[in-house]
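J.: I'll drop the sequence and a predicted model, then ask my questions.
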Amino acid sequence: MAILTIALAATVVSYSTVGPKQESIYVDNLIIKDITNGSYSVLNRNNKGKIAGLRATGKTIGTAITKVIEDLSGSEMSIKGIRRIVADINNGIGSTNGKNCYRTIHGALSAMKGGDHILIRGGIYREGSITIPSSKNGTSWENYSAISAYNNERVVIDAGSNNTSNIFAIGNDDDASPIRYWKFEGLEITGGGMSGISFRKGPIIVRYCYIHDNYTGSSGELEGSNPAGIRGAWWQDSIIEYCYFKDNGSLANNGQHSVIGAQCYSDYDYINYRDIHPKDPDRCIKNNTIRYNLFENTKNRAFSGIHHKGQQLLASHPIPYEKDFGALRGHPHRSWGDKIHHNIFLGIPRSIGCQQDFAQVFNNIIVDSNVGIEISDYETRTGSTAVTVYNNTIIGGRILVNFGHPSREYVLNPYIILMNNIIDDSPQDYDRNYNLRIGDGYVAKSFNYDRRRVMITNNYVYRYDNEHDIGVPSENPGEGRLLMTIDEYGRGNRKNENSPREVNYRKLSSENIDPLYQGSIGTSKFKVRGGHRITDSISISEISVSRDHPYLEDVELPRYIGATGLTKDSGERWDPENPDPGDAGWVDYVWYVVGRKLKPPQNVRIH
């Protein structure tokens with residue numbers, strides 16, 4: 001959906017427009033009854049005096065433009081062409097009629113066809129259990145279906161704490177009715193039970209939505225149904241961006257499956273990629289992007305921020321060992337992993353729970369979580385492989401690579417890649433006091449550990465309270481777990497021919513004389529200060545960081561440690577339509593615009 005913006009004197013008015021194949025259908029809860037004869041007036045709903053003034057101003061500007069062009073000689077544009085532009089301006093300003101409008105979202109959905117755009121006028125809509133059949137799907141991103149707020153007006157969809165349903169349920173819960181080519185934009189979604197939005201497959205886009213306080217009841221019987229802000233199965237090629245997720249989940253909060261943000265599950269369909277390679281590419285989680293969002297926990301309703309529910313294998317396991325990650329570089333599914341990046345997580349016990357092969361988790365800021373990032377597998381006994389975790393800043397948390405279950409033996413050789421992360425002020429009160437752990441979830445069980453498949457380099461452990469940073473399984477049976485600091489890990493075990501120089505860093509607090517961050521308020525408390533010294537002789541800006549991704553040849557890694565770049569910071573001027581991931585201003589945009597102090601561009605509201 002394009003946005004036509006017309007500047008008139010000091011006034012800027014934005015109008016939602018659609019492409020040539022699409023129709024606009026309006027929802028307005030101020031009308032007395034549905035309008036189906038094309039007579040709905042978009043502008044008459046607003047202040048008539050302002051509209052008359054805009055129309056008069058537009059005509060004045062149009063007349064002036066026409067006169068100037070007529071007086072020019074040798075103009076490359078014909079008078080007829082200029083008059084057409086003026087007519088378009090006046091039509092955009094003065095158009096009043098020609099659309100249908102419904103009092104409810106349900107009514108508009110019943111009337112729409114695939115590729116139509118539903119534009120909701122400002123107001124509170126007391127609706128829930130809005131089921132969108134796959135017959136309403138778009139056919140491409142040139143002809144997609146949409147539900148969005150009209151002209152930045154505040155639209156609140158409130159199901160009234162209906163603790164048994166989703167607010168939007170898109171497509172039927174089966175393979176025959178997947179959702180395709182839908183966009184949700186500029187909506188506040190609250191009061192649902194299972195979720196704000198539930199969908200299967202995709203692609204869909206969700207952007208600039210405030211999704212909050214969707215949760216199940218206190219008994220806990222629905223927690224196993226995976227409550228979340230957005231939930232569903234087998235997501236593919238979908239994007240969730242510039243959204244604010246807050247206090248979704250379950251009042252019981254009795255497990256990892258209560259999620260504030262996004263929860264996608266493989267539906268326990270492990271067989272597709274474990275034993276047959278592949279069986280059905282349409283029955284898996286692949287190639288989704290979750291970026292530039294804010295996730296916040298203030299009511300303790302959730303354990304996770306983002307969660308892969310059920311292991312998603314995208315390769316036959318184990319992937320053979322080849323030097324220089326050759327088996328990964330040549331794997332046909334190496335680019336299928338989800339991209340989870342440039343998000344901010346606040347106060348969520350486990351912010352990112354990743355159970356998908358080839359997933360990429362990078363440039364996230366995670367604050368006050370026992371587990372910042374966990375790569376895990378509790379079901380398939382094969383383990384996620386080739387998950388790449390890089391350039392994250394974790395303040396008050398840790399990274400866990402957690403394969404294991406007390407009643408199951410594991411036989412696997414996973415690839416593990418952890419690079420350029422900051423682990424700061426990791427708490428002592430969780431899981432035997434490791435800042436970073438590689439191993440089984442329980443002491444009694446373990447897995448095959450091949451040091452050559454593991455790359456841990458250029459990570460920085462700061463303000464540590466623990467004697468050891470890393471616990472890894474011994475490669476020799478019977479020796480149990482090896483405990484060491486992160487710099488000892490780099491100096492020892494020189495068996496890794498993939499990364500012969502694994503250098504990591506650790507340092508006690510130097511906040512009084514040499515702070516790590518630029519400040520202590522606003523976004524400055526998340527942005528790394530380039531002059532901070534990680535050793536007596538090296539500042540954090542002087543660390544040599546490789547640009548080469550271990551196995552994705554078209555991906556360049558940042559040349560810095562942590563989630564924020566050191567050379568460019570546009571602050572609040574960071575441009576979301578042309579995002580520069582190396583510009584530290586992304587933090588300001590997510591913190592202030594998406595979720596904090598400034599008036600957001602698409603009616604996100606902080607309550």
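T.: Perfect, I can see it now.
J.: Tell me if I'm right that Asp580 and Arg573 touch.
T.: No: when contacts are counted by Cβ atoms under 8 Å, Asp580 is not listed as touching Arg573 (11.0 Å). Using the backbone N, CA and C atoms, a C-beta is placed for each residue, glycine as well.
J.: Between those two, which is the more surrounded one?
T.: Neighbour count, other Cβ atoms under 10 Å: between Asp580 and Arg573, Asp580 has more, with 13 against 10.
J.: so that one is in which element?
T.: Following DSSP states H and E, one finds Asp580 outside all helices and strands.
J.: how about it, phi and psi?
T.: Per-residue torsions, Asp580: phi -110, psi 100 (degrees, to the nearest 10).
J.: So it versus Trp586, what's the distance?
T.: For Asp580, the distance to Trp586 equals 8 Å [Cβ to Cβ, to the nearest Å].
J.: list the residues that contact both of those two?
T.: Between them, Asp580 and Trp586 have Trp574 as joint contacts when contacts are counted by Cβ atoms under 8 Å, 6 or more residues apart in numbering.
J.: Mind jotting down where the strands sit in the stretch 201-350 of the chain?
T.: Taking DSSP state E, counting those that start in this stretch as the criterion, the stretch 201-350 of the chain carries its strands at 204-207, 210-212, 215-216, 228-233, 239-241, 244-246, 249-250, 259-265, 289-291, 294-296, 304-309, 339-341, 344-346, 350-354.
J.: In TSV: the ones you listed, plus mean pLDDT, mean neighbour count and distance to Thr457.
T.: Listed next are the strands of the stretch 201-350 of the chain as TSV, based on pLDDT from 0 to 100; neighbours: other Cβ atoms under 10 Å; distance: least, Cβ to Cβ, whole Å:
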stretch	mean pLDDT	mean neighbour count	distance to Thr457
strand 204-207	96	23	35
strand 210-212	94	28	37
strand 215-216	86	29	40
strand 228-233	92	30	34
strand 239-241	97	21	30
strand 244-246	95	27	32
strand 249-250	89	30	35
strand 259-265	91	30	29
strand 289-291	98	21	25
strand 294-296	96	25	28
strand 304-309	91	29	25
strand 339-341	98	22	19
strand 344-346	97	25	24
strand 350-354	92	27	19
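J.: Now that we have the ones you listed, can you turn them into CSV and tack on distance to Pro558?
T.: Converted to CSV, those look like this (distance: least, Cβ to Cβ, whole Å):
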stretch, distance to Pro558
strand 204-207, 24
strand 210-212, 29
strand 215-216, 36
strand 228-233, 28
strand 239-241, 20
strand 244-246, 25
strand 249-250, 32
strand 259-265, 24
strand 289-291, 15
strand 294-296, 21
strand 304-309, 21
strand 339-341, 11
strand 344-346, 17
strand 350-354, 18
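J.: Relative to Thr485, which of the ones you listed is closest?
T.: Distances from Thr485 to each of the strands of the stretch 201-350 of the chain were compared by Cβ to Cβ, and the smallest falls on strand 350-354, at 24.2 Å.
J.: Can you list the strands that that closest one pairs with?
T.: On the basis of DSSP bridges, the sheet neighbours of strand 350-354 come out as strand 304-309 (parallel), strand 371-377 (parallel).
J.: Looking at the ones you listed, spot the one closest to Ile486.
T.: Distances from Ile486 to each of the strands paired with strand 350-354 were compared using Cβ to Cβ; the shortest belongs to strand 371-377, at 15.1 Å.
J.: Tell me how far Asn143 lies from Asn137.
T.: Asn143 sits at a distance of 10 Å from Asn137 (criterion: Cβ to Cβ).
J.: who's more crowded, those two?
T.: More crowded of Asn143 and Asn137, by other Cβ under 10 Å: Asn137, with 21 against 17.
J.: Distance of the more buried one relative to Met112?
T.: Summarising the geometry, the distance separating Asn137 from Met112, computed by Cβ to Cβ, is 11 Å.
J.: For the two, list the residues in contact with both.
T.: Overlap between the neighbourhoods of Asn137 and Met112 consists of Ser145, taking contacts as Cβ under 8 Å, 6+ apart.
J.: so where do the helices sit in the chain?
T.: The residue ranges that make up the helices of the chain, judged by DSSP state H, are 48-71, 79-94, 105-111, 271-274, 326-329, 486-491, 585-588.
J.: Go through the ones you listed and find the least confident stretch.
T.: Lowest mean pLDDT within the helices of the chain: helix 271-274, a mean of 46.
J.: Tell me who's in contact with the nearest residue to Glu127 once chain neighbours are set aside.
T.: Closest residue to Glu127 in three dimensions, ignoring its sequence neighbours and counting by Cβ to Cβ, 6 or more residues apart in numbering: Ile105, at 5.4 Å. With contact taken as Cβ under 8 Å, 6+ apart, Ile105 is in contact with 27, 118, 120, 125, 127, 130, 147, 157.
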